Each structure stands twice: as C-alpha cells, then as structure tokens.
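Colleague: model the following, please.
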Amino acid sequence: MRHTLVLLAAVSLLTASGDRIAARQARPASTTTTMDEVLAAMDDQHKGIQRYIETFDTTDDAGALALIQAHFDRDAKMVALRQRWLGDFRKVLGTKLAVRAMQIDRRLSLGYQLEMTTRIPLSH
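Modeller: The predicted model follows:
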C-alpha cells in the first residue's frame with residue numbers, strides 16, 4: 001500500500017506539471033509483482049515481530065538472533081526493490097523526480113518501521 005502511494009504521488013507530480021503522457025507511463029510494468037514482494041516482506045516482518053513479542057520472556061539467544069537476522073533480510077529485500085524502482089522511475093520521470101519519489105518512499109517507510117519496531121521489547 002505504501003508504495004502505491006509513492007506511485008500515486010509520482011503520477012500526481014507529473015499530472016500537476018501537465019505531463020499527462022508521462023503520468024500514464026509512470027506505473028512500471030513490474031508494479032504488481034513488486035507490490036506482491038513488498039506485501040510479502042511486510043507480512044513476514046509483522047509475523048516475526050508478533051512471534052518475538054509473544055515469546056519474549058522465554059526467547060533464547062537463537063530467537064533473538066533470528067529476529068535481528070529477519071530485520072536484516074527484509075532490509076536487503078527492500079533495498080533491492082528500491083534500486084529496481086529507481087531505474088524504472090528514472091526511465092519515465094527523469095532523475096530528479098524519480099529521486100523525489102524515492103525520498104517520499106523512504107520517509108513513509110521509516111515512519112512505518114518506527115511504528116513497528118517500537119512494539120518490540122529490547123533484548124536483554
């Protein structure tokens with residue numbers, strides 16, 4: 001959903017600038033697949049966090065390590081997706097507008113991550 005907002009923001013920027021042809025082309029062909037990947041990553045993260053919260057009192061070293069490794073894996077997946085999106089966006093929007101779309105995405109993502117991670121008890 002977040003990334004749909006970024007696409008809509010990019011399209012809105014183009015529409016506001018009067019570039020309706022570019023606005024129609026702004027949605028990369030890989031968007032559906034990408035959204036499935038994003039939703040899967042977010043779902044996995046949510047499930048992992050919920051499992052950790054529910055078992056926090058009895059979590060051993062392996063459980064704590066699994067939590068942080070899952071964060072690293074999700075971050076790596078999202079970086080790879082963002083790099084692909086940047087290439088797709090640059091083809092249609094140009095570099096500066098593509099960078100702006102990625103900045104908006106990062107801000108939304110960081111807000112979501114802050115909300116999610118504040119629910120996680122710190123390991124001790």
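Colleague: please make it C-alpha for all contacts and neighbour counts, starting now.
Modeller: Fine.
Colleague: in the chain, which helix is the longest?
Modeller: helix 61-93 (DSSP state H).
Colleague: show me what counts as buried in it.
Modeller: 67, 70, 71, 74, 78, 82, 85, 86, 88, 89, 92, 93 (16 or more other C-alpha atoms under 10 Å).
Colleague: and if you look at stretch 43-53?
Modeller: By neighbour count with 16+ other C-alpha under 10 Å, stretch 43-53 contains the buried residues 45, 48, 49, 52.
Colleague: out of the residues you listed, give me the two with the largest separation.
Modeller: Greatest spacing in the buried residues of stretch 43-53, by C-alpha to C-alpha: 45 and 52 (10.6 Å).
Colleague: isn't residue 64 right up against residue 124?
Modeller: No: look at residue 64 against residue 124 with C-alpha atoms under 8 Å: they stay out of range, at 9.3 Å.
Colleague: give me the phi and psi angles of residue 123.
Modeller: When read as degrees, to the nearest 10, the backbone of residue 123 gives phi -70, psi 150.
Colleague: what sits closest to it if chain neighbours are left out?
Modeller: Among residues not flanking residue 123 along the chain, residue 64 sits closest, at 6.9 Å (C-alpha to C-alpha, 6 or more residues apart in numbering).
Colleague: how near is that neighbour to residue 76?
Modeller: 19 Å (C-alpha to C-alpha, to the nearest Å).
Colleague: next one: residue 107
Modeller: From residue 107 to residue 76 the distance is 17 Å (C-alpha to C-alpha).
Colleague: now do residue 103
Modeller: Distance from residue 103 to residue 76, by C-alpha to C-alpha: 17 Å.
Colleague: show me where pLDDT drops low in this protein?
Modeller: Scanning the chain for pLDDT under 70 picks out 1-34.
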